[in-house]
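Enquirer: how would this look folded up:
(chains A and B)
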Protein chains: 2
Amino acid sequence: MRDVAIAGAGMTRFAKYNDRGLKELTREAVDAALAAAGMDKRVPQVAIVGNAAAGLTTGQECIRAQVVLREMGIDRIPMVNAENACASSSTAFQLAWLYVASGMYDVALAVGVEKMYTEDKARALAAFSAGVDVEQLRGIMQQLKPPSEQKAGEESGAGKSRSLFMDIYAAGARAHMAKYGTTKEQYARIAVKNHNNGSLNPHAQYRERYTLEEILASPAVAEPLTRLMCAPGGDGASAAVLVAGDKVARYTTSPVWVRASALVSGSDNRAEEGGITARAARQAFEMAGMTAKDIDVMEVHDASAPAELSIYEEIGLCDEGEGGRLVDEGATEIGGRIPVNTSGGLLAKGHPVGATGIAQLYEIWLQLRGEAGGRQVARARAGMTENGGGMVRGEAAATTVHILAK
Amino acid sequence: MRDVAIAGAGMTRFAKYNDRGLKELTREAVDAALAAAGMDKRVPQVAIVGNAAAGLTTGQECIRAQVVLREMGIDRIPMVNAENACASSSTAFQLAWLYVASGMYDVALAVGVEKMYTEDKARALAAFSAGVDVEQLRGIMQQLKPPSEQKAGEESGAGKSRSLFMDIYAAGARAHMAKYGTTKEQYARIAVKNHNNGSLNPHAQYRERYTLEEILASPAVAEPLTRLMCAPGGDGASAAVLVAGDKVARYTTSPVWVRASALVSGSDNRAEEGGITARAARQAFEMAGMTAKDIDVMEVHDASAPAELSIYEEIGLCDEGEGGRLVDEGATEIGGRIPVNTSGGLLAKGHPVGATGIAQLYEIWLQLRGEAGGRQVARARAGMTENGGGMVRGEAAATTVHILAK
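Expert: Coordinates of the predicted model:
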């Protein structure tokens, strides 16, 4: 397959946009990506749009790509709508890469867009729940509740007003704490780091800094999670333009190369293989001919603070059970050995589901070009993204890992 | 890119299945495809699932592929959910072809599945309407009504109880009749042909034969369409296994080769280019190094009888305005010069939206293997499918054309 580079990328600020819909958000992100590549909107030969929830939040199913891109004058090119829950737009990015790497097209546009805030809050929650097998939803929700809520019965208010996925993350965190002695404070420190990074990112939804005490004292969600340890839903869009290696010099003098694109789905044998994220990372490292030591900066799927800690271990930044120690050492802070979620991550930058995957790639693209401003990682030459989506029988339904390099 | 062949294909009968869901339908179609290829379910290395309406009819969004395939024991492989309205599964087929043609994987599974019948009929209609820009839905529906209904006002019962798309097709038919003298009887003859073909197909939803008079006397939908000229929604699934050319001999002695895969989206300049279907067909013919004369059998998107007639002209089976004459000559009947919709087409085989594209490919695969029974086309060596989906500003949002050959 051919070498492929990102010629341009862009995103909206993630936020609660009461007055902006899918079309306007898409336009801003795509215009920014095209502008970064110095490329006219008539140049891309194929477009792939990742979105997870528009069917349930806006009623727009089936042809989301065509509806949002036609509005800004991009049409007449093949368009594919790709979905993989929270990994929808990194899946779209893989397809865009594949269309170019295969030789079928020279220029591909990948887009992620999501509109979660609606006047009907139940719709947004329904959209999140569609990331599991909906026929098993009731059983999954009951099983995941902390003991205190199980006593209160299935219909407790707390269980109904938050996303199902926070129950899943909380259950995983409790198990990690019991097995390895990981502490609530260590999880909170990840939230301190990511909110601090987000304060340096003009595209982040939340730009406040918090002390450890403030993170711990924020409202409880599900033990050990507090609200500031959970990613907020949001609205936003992200886009990237991918170009064949031998054509990219027409558009930019600072291409960022796609060294690996791995997509893994399905259940796993955690005992043997260390989970789905570990498997996706191994595939990506093999494809790129790299190891974790070669990565200078990383964006991972911190839908909750405990998720980030587990990902450290699965990717191999430390041994299993050592994630807490890595946090205490400050290794994943900007200036540390391997900065993680310099953008603020999902925790602070926000998590408009279908837009997240390409927004992670946007941050690495910025870092590798040396354009990350106050959160720039020194001498960043290779970066990585990890984006997980959905859940089937206790494992992520789709996880992507991408490796980018200068 | 590498040569790719279909090693096996399968489908369920299309029907109204009150007691069967997405998982069971998927299992039947995938098992049939794998059995035809003599392939274990652990062999495919990637799966792409096309579905259009599950979000709105069942609430299952985001990870439809993982949910339906995990249930039958297919997991641990990359999975992508692809959507392009009525062209969802032919889009999934293109992606499967691309994963293999690019060299990334040797064996790919493409699936189409749809569950349209639910107890709540409004949900199925909402799902159809999601194939247009939902923000423009009200205006589109009003504009497309026949004059008699426009007088009756926007909220007339007839306009509310049928799919929006039948209004679109009826408006197109009226324009064709006015411009070229095409008759309602010529449209009805297409319905006679397809229902006759469907009577020979054990997978068809409707297997009744009808006379011209019966087609014309069936209940009016929107002038000139009667009910028997309109494709029914339905439930069903379809699947195909694609294998790299140099590996396919392991699985079958009768491979069917994918000679072209074209996907076109977006609006069009009909005056200059003859519409989106014409453009997709030209791309496919160029990719295959063939012309319309090389095609022995064809499945096209006859969501209504008039649509089939227009497609004759756009693909180049006859000149513009000559579609009616082609029907009168019987050229597209089995035994005619170029048999079209030997399966019964969408009209008789049924149209479970997301399952239709691969079901068309299944019919051509059968025909090229000489396994189409009572509807077999003699000496069929090359076949073609045309599958259209959604609508943006008056043009199909996505159209695929595939060319298969022995």
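Enquirer: ok, and the closest non-adjacent residue to A:Ile190?
Expert: Spatially, and ignoring its direct neighbours in sequence, A:Ile190 is nearest to A:Ala305 (4.2 Å; Cβ to Cβ, 6 or more residues apart in numbering or on different chains). Where you see a C-beta, it was placed from the backbone N, CA and C, and this is true even at glycine.
Enquirer: okay, now that neighbour: neighbour count?
Expert: Per other Cβ atoms under 10 Å in any protein chain shown, the neighbour tally for A:Ala305 reads 31.
Enquirer: identify the residues contacting it.
Expert: By Cβ atoms under 8 Å, 6 or more residues apart in numbering or on different chains, the contact set of A:Ala305 is A:187-188, A:190-191, A:194, A:225, A:229-230, A:347.
Enquirer: hmm, try it at 7 Å
Expert: A:187-188, A:190-191, A:229, A:347 (Cβ atoms under 7 Å, 6 or more residues apart in numbering or on different chains).
Enquirer: one more: A:Arg369?
Expert: Applying Cβ under 7 Å, 6+ apart, we find A:Arg369 in contact with A:254, A:256.
Enquirer: the same query, at a cut-off of 6 Å, please.
Expert: Counting by Cβ atoms under 6 Å, 6 or more residues apart in numbering or on different chains, A:Arg369 touches A:Ser254.
Enquirer: who touches the strand or helix carrying A:Arg27?
Expert: Element membership of A:Arg27, judged by DSSP states H and E, is helix A:22-37. Contact with helix A:22-37 is made by A:7-12, A:41, A:68, A:71-72, A:113, A:115, A:237-241, A:251-252, as judged by Cβ under 6 Å, 6+ apart.
Enquirer: quick one: distance of that helix to the chain centre.
Expert: Remark: helix A:22-37 is offset 19 Å from the chain centroid, using Cα atoms, centre = their mean, to the nearest Å.
Enquirer: tell me the mean pLDDT over that helix?
Expert: Averaging pLDDT along helix A:22-37 yields 97.
Enquirer: report the buried residues of it.
Expert: Residues of helix A:22-37 classed as buried: A:22-30, A:32-34, A:36-37 (neighbour count, 16 or more other Cβ atoms under 10 Å in any protein chain shown).
Enquirer: pLDDT weak spots in chain A?
Expert: A:124, A:127-128, A:130, A:137-163, A:267-273 (pLDDT under 70).
Enquirer: and it, which of its residues are near chain B?
Expert: For chain A, the contact set with chain B under Cβ under 6 Å from any Cβ of the partner chain comprises A:1, A:52, A:55, A:59-63, A:66-67, A:70, A:75-76, A:78-81, A:83, A:85, A:91, A:98, A:102-103, A:130-131, A:133-134, A:263, A:265-267, A:390, A:392, A:397.
Enquirer: between the contacts of A:Ala305, which is closest to chain B?
Expert: Distance to chain B across the contacts of A:Ala305 (Cβ to the nearest Cβ) is lowest for A:Leu347, with 21.3 Å.
Enquirer: that closest one in helix, strand or coil?
Expert: Secondary structure, DSSP: H, G, I helix; E, B strand; the rest coil: A:Leu347 is helix.
Enquirer: who touches whichever residue of the stretch 201-350 of chain A sits closest to chain B in this structure?
Expert: Across the stretch 201-350 of chain A, no residue is closer to chain B than A:Gly266, which sits at 3.1 Å (Cβ to the nearest Cβ). For A:Gly266, the contacting residues are B:75-76, taking Cβ under 6 Å, 6+ apart as the criterion.
Enquirer: where along the stretch 151-300 of chain A do the strands fall?
Expert: A:220-222, A:225-226, A:235-244, A:256-265, A:297-299 (DSSP state E, counting those that start in this stretch).
Enquirer: and the last one, what other elements does it pack with?
Expert: So that's strand A:297-299. Counting contacts by 3 or more Cβ pairs under 6 Å, 6 or more residues apart in numbering or on different chains; DSSP states H and E, strand A:297-299 is packed against helix A:356-369, strand A:382-392.
Enquirer: using PDB, list the CA coordinates for the first one.
Expert: This means helix A:356-369. Extracted in PDB, the C-alpha atoms of helix A:356-369 (Å, rounded to 0.1, in the frame of the first residue of the first chain):
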ATOM      1  CA  THR A 356     -13.600  12.600  19.100                       C
ATOM      2  CA  GLY A 357     -11.400  10.300  17.000                       C
ATOM      3  CA  ILE A 358     -10.400  12.800  14.500                       C
ATOM      4  CA  ALA A 359     -10.000  15.500  17.200                       C
ATOM      5  CA  GLN A 360      -7.400  13.300  18.800                       C
ATOM      6  CA  LEU A 361      -5.600  13.000  15.400                       C
ATOM      7  CA  TYR A 362      -5.800  16.800  15.100                       C
ATOM      8  CA  GLU A 363      -3.900  17.200  18.400                       C
ATOM      9  CA  ILE A 364      -1.100  14.900  17.400                       C
ATOM     10  CA  TRP A 365      -1.000  16.600  14.000                       C
ATOM     11  CA  LEU A 366      -0.600  19.900  15.800                       C
ATOM     12  CA  GLN A 367       2.100  18.600  18.100                       C
ATOM     13  CA  LEU A 368       4.100  17.000  15.300                       C
ATOM     14  CA  ARG A 369       4.000  20.300  13.400                       C
END
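Enquirer: tilt between it and strand A:382-392?
Expert: Interaxial angle of helix A:356-369 relative to strand A:382-392 (axes from the mean of the first three to the mean of the last three Cα atoms, to 10 degrees): 170 degrees.
Enquirer: for helix A:356-369, list every residue counted as buried.
Expert: Neighbour counts over helix A:356-369 (16+ other Cβ under 10 Å) mark A:356-369 as buried.
Enquirer: out of these, who's nearest A:Tyr210?
Expert: Closest approach to A:Tyr210 among those (Cβ to Cβ): A:Glu363, at 20.6 Å.
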